[in-house]
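Trainee: below are the sequence and a predicted model; questions follow.
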Amino acid sequence: MKIYTKTGDKGQTSLLGGTRVSKNSNQIVAYGTIDELNSFIGLLREETQEPESKHLLKIQNELFIIGSNLANDQKKSGIKLSHISKEDITSLEIKIDQMDSELKALKNFILPGGNKPSALAHVCRTITRRAERLVVDILLENEDNQIIIAYLNRLSDFFFTLARFLVQKAGDEEVVWNS
């Protein structure tokens, strides 16, 4: 099987279920941004060690679930997909609290940087925020998927805390905003 199908050459793609939509539809842009985030997390994972890299791999798998849910035409596909759960959000909160318990009190606004892994975590945070905004546009009317919005909201908090944690763990200094 060849990787190229030529079916998207005119600017359309298929959702799970076969519905054809424009490649710039809100739904495609949203799950494309989730894919972009997942790629940057892969880059961040390559710059971290255990246990952070293991937790990032878990997040990548959860984002793949979210992406497949966003790519699904629920009316036509009939495909039974995995879903993000409240336990996945709780897992993020536990990890945030663990890292935060080891951090110095936050007294200033933090600028992205400090070291390469921290800067990458901030990139992941900002892509997560963009993905969240895009997902809000397509999911607000569907209560079943509200958990995706909550997950992404918590995930951006995770990346902010991880960025700070990675700087401190390496013995580097956080970059603070000086007004």
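Mentor: Nice, thanks for sending it over. Numbering: from 1, shown residues only.
Trainee: what are the ranges of the strands in the chain?
Mentor: Listed from the start of the chain, the chain has strands (DSSP state E) covering 12-14, 20-22, 110-111, 175-176.
Trainee: out of those, nearest to residue 149?
Mentor: strand 20-22 (21.2 Å; Cβ to Cβ). All C-beta atoms are positioned from the backbone trio N, CA, C, and that covers glycine.
Trainee: buried set for the closest one?
Mentor: By 16 or more other Cβ atoms under 10 Å, strand 20-22 has no buried positions at all.
Trainee: what lies in contact with that strand?
Mentor: By Cβ atoms under 8 Å, 6 or more residues apart in numbering, the surrounding residues in contact with strand 20-22 are 11, 12, 13, 14, 15, 27, 28.
Trainee: then stretch 80-97?
Mentor: 55, 58-59, 62, 65-66, 68-69, 72, 147-148, 150-151, 154-155, 157-158, 161.
Trainee: pLDDT on stretch 155-169, on average?
Mentor: Averaging pLDDT along stretch 155-169 gives 97.
Trainee: returning to what we had before: okay, the strands of the chain in CSV with distance to residue 2 next?
Mentor: Output for these, formatted as CSV (distance: least, Cβ to Cβ, whole Å):
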stretch, distance to residue 2
strand 12-14, 16
strand 20-22, 20
strand 110-111, 46
strand 175-176, 47
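Trainee: does residue 76 touch residue 19 like I think?
Mentor: Yes. Counting by Cβ atoms under 8 Å, residue 19 is a contact partner of residue 76 at 5.7 Å.
Trainee: out of the strands of the chain, flag the one nearest residue 1.
Mentor: strand 12-14 (15.8 Å).
Trainee: quick one: strands adjacent to the closest one?
Mentor: Applying DSSP bridges, strand 12-14 is found paired with strand 20-22 (antiparallel).
Trainee: restrict the contacts of stretch 80-97 to the buried ones and give me that as a ChimeraX selection.
Mentor: Selection of buried members from the contacts of stretch 80-97 for ChimeraX, criterion 16+ other Cβ under 10 Å:
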select :55,59,62,65,66,68,69,72,147,148,151,154,155,158,161
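Trainee: fine by me, thanks again.
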